[in-house]
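Trainee: Sequence first, predicted model second:
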Amino acid sequence: MTKFDPIASAKTALLDHLPKAAILARYQVAGGQELVSGKFANPESSAALAANAFGFFAEQPQALSLPGLVAAGDAQRVDLEVEMRFPWSGGHHPWLDVGVVTKEQLIGIESKRYEPFRDRKAASFSAAYSRPVWGEAMGAYEAMRDSLTGGRTFVFLDAAQLVKHAFGLRTQALATGRRAVLLYLYAEPPTYPDGRSVPQSAVDGHRTELAAFTAAVDDALADVAFCSLSYADLLGHWSGVPALADHAAAIATHFKVGSQ
């Protein structure tokens, strides 16, 4: 029996035009254990989608363009799998799929592929999240935390995870004097890898919940701005940038992220 090689397996999940060594090196030191577990090479892997989409910028961050957020030439760093630590040392701290650093912003990207269409989302917060450490400008996120703890439910959107990411992102951004932005980037694949259709009702339900979450945390004075973008719209944007058009086409061909 051939021994499973997680690195070799993960390498096959990366498109050939990407800097594979740099991408895999990042995941080898990340906290999610995506490589060792074999999750990265899974046909439904969200990490693989994010790595392929943003690994392109690992060695050329200035090429990144994000509609409404980052213009070409503005990004100083684009990192895969970034830990956003809370203002305490112990316990678990959130990891975001992508971190983008510009002169003025720290953008954390949470990427979703099939996750919204899986199990019903459960909200869980330890007592640590209620510590009075988030400042006066995170009230909307704290209110969402409290509503989730009080029984508010989301079926498709992992709202609790987004609140935790916002708290961690705020801590890191303030430490560097940058404006924090949490970008929720989501795919809407029409089918699963085995050919089953993703129900349109689930796609619509996810969008409805995302709109409700966005409205709830919308606060111009918040330390963390929240915004969302579909992969289809992102690839549509990249296709209009000459330096990114081929990359966008390769991602669109390999990953079924949904139509624009």
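Mentor: Yes, it's here.

Trainee: isn't F213 right up against A160?
Mentor: No. Between F213 and A160 there is no contact under CB atoms under 8 Å: 10.6 Å. From N, CA and C alone the C-beta is placed, and that goes for glycine too.

Trainee: where does this structure have low pLDDT?
Mentor: Low-confidence segments of the chain (pLDDT under 70): 1-4, 6, 31-38, 89, 259-260.

Trainee: ok, the residue most central in space within the chain - contacts?
Mentor: Centroid-nearest residue in the chain, with CA atoms, centre = their mean: E110, separated by 1.5 Å. Contacts for E110 were tallied using CB atoms under 8 Å, 6 or more residues apart in numbering; they are L96, D97, Q161, L162, H165, L182, L183, Y184, L185.

Trainee: repeat for S124
Mentor: Contact analysis of S124 by CB under 8 Å, 6+ apart lists A160.

Trainee: The residue nearest to A71 when sequence neighbours are not counted - how many residues pack around it?
Mentor: Spatial nearest neighbour of A71, excluding adjacent residues (CB to CB, 6 or more residues apart in numbering): S65 at 6.4 Å. Neighbours of S65 under the rule other CB atoms under 10 Å: 20.

Trainee: What is the nearest of the contacts of E110 to A72?
Mentor: Nearest to A72 among the contacts of E110 is L183, at 17.0 Å by CB to CB.

Trainee: Could you find the closest non-adjacent residue to the closest one?
Mentor: Here the residue nearest L183, using CB to CB, 6+ apart, is I109, at 4.7 Å.

Trainee: Keeping just the C-alphas, turn the stretch of helix or strand the one you found belongs to into CSV.
Mentor: Following DSSP states H and E, one finds I109 within strand 105-112. Provided in CSV are the C-alpha atoms of strand 105-112 (Å, rounded to 0.1, in the frame of the first residue of the first chain):
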residue,chain,number,x,y,z
GLN,A,105,-6.0,48.7,6.0
LEU,A,106,-5.8,45.2,7.4
ILE,A,107,-8.3,43.1,5.4
GLY,A,108,-9.2,39.6,6.7
ILE,A,109,-10.9,37.4,4.2
GLU,A,110,-13.1,34.5,5.2
SER,A,111,-13.7,32.2,2.2
LYS,A,112,-16.6,29.8,1.9
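
Trainee: which stretch of helix or strand covers Q172?
Mentor: Q172 belongs to helix 159-176, assigned by DSSP H and E.

Trainee: can you check A140 too?
Mentor: helix 139-149.

Trainee: Could you give the separation of that helix from the chain centroid?
Mentor: Helix 139-149 sits 21 Å away from the centroid of its parent chain (CA atoms, centre = their mean, to the nearest Å).

Trainee: again with stretch 75-82
Mentor: 12 Å.

Trainee: Okay, angle between the helix holding A140 and helix 159-176 too, please.
Mentor: 150 degrees (axes from the mean of the first three to the mean of the last three CA atoms, to 10 degrees).

Trainee: Which other helices and strands does helix 139-149 contact?
Mentor: helix 159-176, helix 200-217 (3 or more CB pairs under 8 Å, 6 or more residues apart in numbering; DSSP states H and E).

Trainee: list the helices and strands the last one packs on?
Mentor: Going back to what we said before, that points to helix 200-217. By 3+ CB pairs under 8 Å, 6+ apart, helix 200-217 packs against helix 139-149, helix 159-176, strand 179-186, strand 224-230.

Trainee: can you list those in TSV and add distance to Q200?
Mentor: Shown next, in TSV, are those (distance: least, CB to CB, whole Å):
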stretch	distance to Q200
helix 139-149	26
helix 159-176	22
strand 179-186	15
strand 224-230	15
